[in-house]
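# Fold the following.
(2 chains)
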Amino acid sequence: AQKVTQAQTEISVVEKEDVTLDCVYETRDTTYYLFWYKQPPSGELVFLIRRNSFDEQNEISGRYSWNFQKSTSSFNFTITASQVVDSAVYFCALSGGPGGSNYKLTFGKGTLLTVNP
Amino acid sequence: SQTIHQWPATLVQPVGSPLSLECTVEGTSNPNLYWYRQAAGRGLQLLFYSVGIGQISSEVPQNLSASRPQDRQFILSSKKLLLSDSGFYLCAWSRAGELFFGEGSRLTVL
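Take a look at the predicted model:
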């Protein structure tokens, strides 16, 4: 069975601080995808990134960066120079390989990030 | 471009009443469709998914059912709501490994 663990329930930082959200996953699939979603107070889930299991290259997008380490089954998310607008719940998710049923995502419980001015 | 819509956005229903949440996708054909629920505590749980018209797979036994009467329409229903059905329901469709979510429907059962 697949499992995603986000050990940090809540994180509070001051604006401009860097913050890392942890994600550890478990799967028996050899091909899988990892995702991060942002859920602002409005409730809608916003897609941030997808990474497939064969691509361990870290990715940077503006102030966001992701560190995928297969050896430790982790897919951590770092926000550099955090801003108040980054305040949201962030979900890490895992799915199996391509195909209808395998796009079922298993979500972690989320990390509530609060960025204070 | 593709869009996904859910309604109603907010619903307050008494225990024992029926439920119907509707989701439609536009701008794509034969999408995989999903219903997720987010209960208190923020975790998202997959309830149903569908790979085609009339094809519904249930992930967890519960008081809810889903139907897909048309290619781009996905409906979540209940004949008699329970208090435990309260939550935030999200419809989604997938393409090329990405899952796109609707705006969500917040259900409160009193």
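# Now tell me which helix or strand of the chain has the poorest mean pLDDT.
Went with chain A since none was named. The weakest-scoring helix or strand in chain A, judged by mean pLDDT, DSSP states H and E, is strand A:59-61 (a mean of 87).
# actually it's chain B I care about, not the one you picked
Counting by mean pLDDT, DSSP H and E, the weakest-scoring helix or strand in chain B turns out to be strand B:98-101, with a mean of 84.
# other SSEs contacting the following helix or strand past it?
Downstream of strand B:98-101, the next assigned helix or strand under DSSP states H and E is strand B:105-109. If you count contacts as 3 or more Cβ pairs under 8 Å, 6 or more residues apart in numbering or on different chains; DSSP states H and E, strand B:105-109 packs onto strand B:10-13, strand B:19-26, strand B:87-95. Using the backbone N, CA and C atoms, a C-beta is placed for each residue, glycine as well.
# Return the set of buried residues in strand B:105-109.
Of all the residues in strand B:105-109, those buried under the rule 16 or more other Cβ atoms under 10 Å in any protein chain shown are B:105, B:107, B:109.
# Just want the angle from that strand to strand B:19-26.
Going by axes from the mean of the first three to the mean of the last three Cα atoms, to 10 degrees, strand B:105-109 is angled at 180 degrees with respect to strand B:19-26.
# Residues contacting strand B:105-109, please?
Residues outside strand B:105-109 that contact it (Cβ atoms under 8 Å, 6 or more residues apart in numbering or on different chains): A:43, B:6-15, B:19, B:21, B:81-90.
# Which among those residues count as buried?
Buried among the contacts of strand B:105-109 (16+ other Cβ under 10 Å): A:43, B:6, B:11, B:13, B:19, B:21, B:81, B:85-90.
# Would you check which pair of those lies furthest apart?
Farthest apart among the buried ones among the contacts of strand B:105-109 by Cβ to Cβ are A:43 and B:81. That separation is 20.3 Å.
# what's next to the helix or strand harbouring residue B:33, contact-wise?
Using DSSP H and E, residue B:33 sits in strand B:32-38. The contact list for strand B:32-38, computed with Cβ under 8 Å, 6+ apart, reads A:100, A:103-104, B:23, B:25, B:44-51, B:66, B:68, B:74, B:76, B:87-94, B:99, B:101, B:104.
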